[in-house]
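Student: Here is my input; please provide its structure:
(2 chains)
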Protein chains: 2
Amino acid sequence: MLSLKQRIQKDGKLFPGNIIKVDSFINHQIDVTLMNEIGQEFKNRFNDVKVDRILTIEASGIAIAVIAAQYFKVPVVFAKKGESRNMDKDSYTSSVYSYTKDKTYKVKVSKEYLKSGENILIIDDFLANGKAIEGLLDIVNQADAICAGVGIAIEKGFQTGGEMLRQSGIRLESLAIIDAIDEDSIRFRD
Amino acid sequence: MLSLKQRIQKDGKLFPGNIIKVDSFINHQIDVTLMNEIGQEFKNRFNDVKVDRILTIEASGIAIAVIAAQYFKVPVVFAKKGESRNMDKDSYTSSVYSYTKDKTYKVKVSKEYLKSGENILIIDDFLANGKAIEGLLDIVNQADAICAGVGIAIEKGFQTGGEMLRQSGIRLESLAIIDAIDEDSIRFRD
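Tutor: Numbers count the residues shown, from 1 in each chain, chains lettered A, B, ... in the order given. As a prediction, this is how the structure comes out:
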């Protein structure tokens, strides 16, 4: 998606350790016009797929998911994050390891909002090691639902998440794949 | 806003202690059609007001704010929550006491995304004691920006937040004000 790549190139901020921040248009401030282009692009890419619900994870996945949901005309469910306390029995729960924060947190989705046999499109802003997406897939499996695909705005192609998902046969659509971050430039996959 | 009140009446879940949960359409699962009606209604109510940016707080404020922002055609900034650790110096920070969780957390907004003299519309899903909104107002003041108004989907009118904001001269627009929760029914303000 050209406009997203151009925006990342223009406004993404690079930090040591292959860190890229897109706080000015996705992760802290949200450019709603760009979000709409992203939502429309997800609809174009998954247009042949039946989608009953969109699943994402709080907090920064919510904006992309709700804007995209307008094009799919389905509800959004966002997984809630919590400490490793007791989660209620009415929820599907999974554990997610965060490399950024070096800790494991729980994610949960109420059993009311994921039903057996439904087609679930997972949408998130970033894909790096894929741990959050693995947690969401685990929850979709627990619900006996079907993953219709995974839509990602920005994939860090030099980390393992994308490869892992593609090899497991999941349909992954990443709108911008970063193959390398050099000192002051970003190389995208064609 | 009639359709919101009807939906709360129909799908809101009541719990002891005046607790109402709207997890099935706002706080966990999101009904994007209703969200659009809410966003449009905020635009109607604040149509005479200049708005440069919309400010909300993660996580559940994000969905309402980004959908509403489409009608205002402005960016959204969401305040990030954190534990009481050091926050970076490039951010405006405030403290918010949560009655639900009985703890104080920090909220922060990068100084890059709130500018002096700008007109900031604050949007959130719930208003009860108003502590989160007070924190956001504190941040708007620190930025030397102007609060153009506060838009709330559901106000608990029997708690003090709404009264406090109105008395301080802030333009508050709440789309559904709950005046009382009885055993199994909800009474709205006219």
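Student: Okay, buried residues for stretch A:159-168 please.
Tutor: Applying a neighbour-count criterion of 16 or more other C-beta atoms under 10 Å in any protein chain shown, one finds A:Gln159, A:Gly161, A:Gly162, A:Met164, A:Leu165 buried in stretch A:159-168. No exception for glycine: its C-beta is placed from N, CA and C like everyone else's.
Student: Redo those residues as CSV? Include distance to chain B, secondary structure and pLDDT.
Tutor: Converted to CSV, the buried residues of stretch A:159-168 look like this (distance: C-beta to the nearest C-beta, whole Å; DSSP: H, G, I helix; E, B strand; the rest coil; pLDDT from 0 to 100):
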residue, distance to chain B, secondary structure, pLDDT
A:Gln159, 23, coil, 96
A:Gly161, 22, helix, 97
A:Gly162, 25, helix, 98
A:Met164, 26, helix, 97
A:Leu165, 24, helix, 98
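Student: and those residues, which two are the farthest apart?
Tutor: Taking C-beta to C-beta as the measure, the buried residues of stretch A:159-168 span a maximum distance of 11.6 Å, between A:Gln159 and A:Leu165.
Student: who touches both of the two?
Tutor: A:Gly130 (C-beta atoms under 8 Å, 6 or more residues apart in numbering or on different chains).
Student: and A:Glu134, what does it touch?
Tutor: Contacts of A:Glu134 (C-beta under 8 Å, 6+ apart): A:Ser94, A:Val96, A:Met164.
Student: Can you give me the pLDDT of A:Ser60?
Tutor: Per-residue confidence (pLDDT) for A:Ser60: 88.
Student: residues contacting it?
Tutor: Contacts for A:Ser60 (C-beta under 8 Å, 6+ apart) come out as A:Ile26, A:Asn27, A:Asp125, A:Phe126.
Student: hang on, isn't the second one packed against A:Asp125?
Tutor: Spelled out, it's A:Asn27. Yes: counting by C-beta atoms under 8 Å, A:Asn27 does reach A:Asp125; the two are 6.8 Å apart.
Student: quick one: which of the two has more around it?
Tutor: Legend: neighbour count by other C-beta atoms under 10 Å in any protein chain shown for A:Asn27 and A:Asp125, higher for A:Asp125 (21 against 17).
Student: Ignoring the adjacent residues along the chain, who's closest to A:Phe46?
Tutor: The spatial neighbour of A:Phe46 that comes closest, neighbours along the chain excluded (C-beta to C-beta, 6 or more residues apart in numbering or on different chains), is A:Gly149 at 5.5 Å.
Student: bridging residues for the one you found?
Tutor: According to DSSP bridges, the residues that bridge with A:Gly149 are A:Leu121.
Student: secondary structure element for the residue nearest in space to the middle of chain A?
Tutor: For chain A, A:Asp124 is the residue whose C-alpha lies nearest the centre (C-alpha atoms, centre = their mean; 1.7 Å). Assigned by DSSP states H and E, A:Asp124 falls within strand A:119-127.
Student: can you give me the strands for chain A?
Tutor: Assigned by DSSP state E, chain A shows strands spanning A:13-15, A:19-21, A:29-30, A:53-57, A:76-82, A:91-98, A:103-110, A:119-127, A:146-156, A:172-181, A:186-188.
Student: which of these sits most buried?
Tutor: strand A:53-57 (a mean of 26; mean count of other C-beta atoms under 10 Å in any protein chain shown).
Student: list the helices and strands that strand packs on?
Tutor: helix A:61-72, strand A:76-82, strand A:119-127, helix A:131-142 (3 or more C-beta pairs under 8 Å, 6 or more residues apart in numbering or on different chains; DSSP states H and E).
Student: Any idea how many residues pack against the closest residue to the residue nearest to the centre of chain A other than its chain neighbours?
Tutor: Nearest residue to A:Asp124 in three dimensions, chain neighbours excluded: A:Gly61, at 4.5 Å (C-beta to C-beta, 6+ apart). Residues lying near A:Gly61 (other C-beta under 10 Å) number 26.
Student: can you pull the contacts of A:Gly61?
Tutor: Taking C-beta under 8 Å, 6+ apart, one finds A:Phe78, A:Ile123, A:Asp124, A:Asp125 in contact with A:Gly61.
Student: correct me, but the first one touches B:Ile26?
Tutor: It refers to A:Phe78. No: taking C-beta under 8 Å as the definition, A:Phe78 is not a contact partner of B:Ile26, at 11.0 Å.
Student: and of the buried residues of stretch A:159-168, the nearest to B:Leu34?
Tutor: A:Leu165 (32.1 Å).
Student: Specify the beta-bridge partners of the closest residue to that closest one other than its chain neighbours.
Tutor: Using C-beta to C-beta, 6+ apart and skipping the chain neighbours, the partner closest in space to A:Leu165 is A:Leu172 (4.7 Å). Beta-bridge pairing of A:Leu172 under DSSP bridges involves A:Val150.
Student: before we move on, back to that, for chain B, state which of the contacts of A:Ser60 is nearest.
Tutor: Of all the contacts of A:Ser60, A:Asn27 has the smallest distance to chain B: 9.1 Å, by C-beta to the nearest C-beta.
Student: Let me know the pLDDT of the closest one.
Tutor: Note on A:Asn27: pLDDT of 94.
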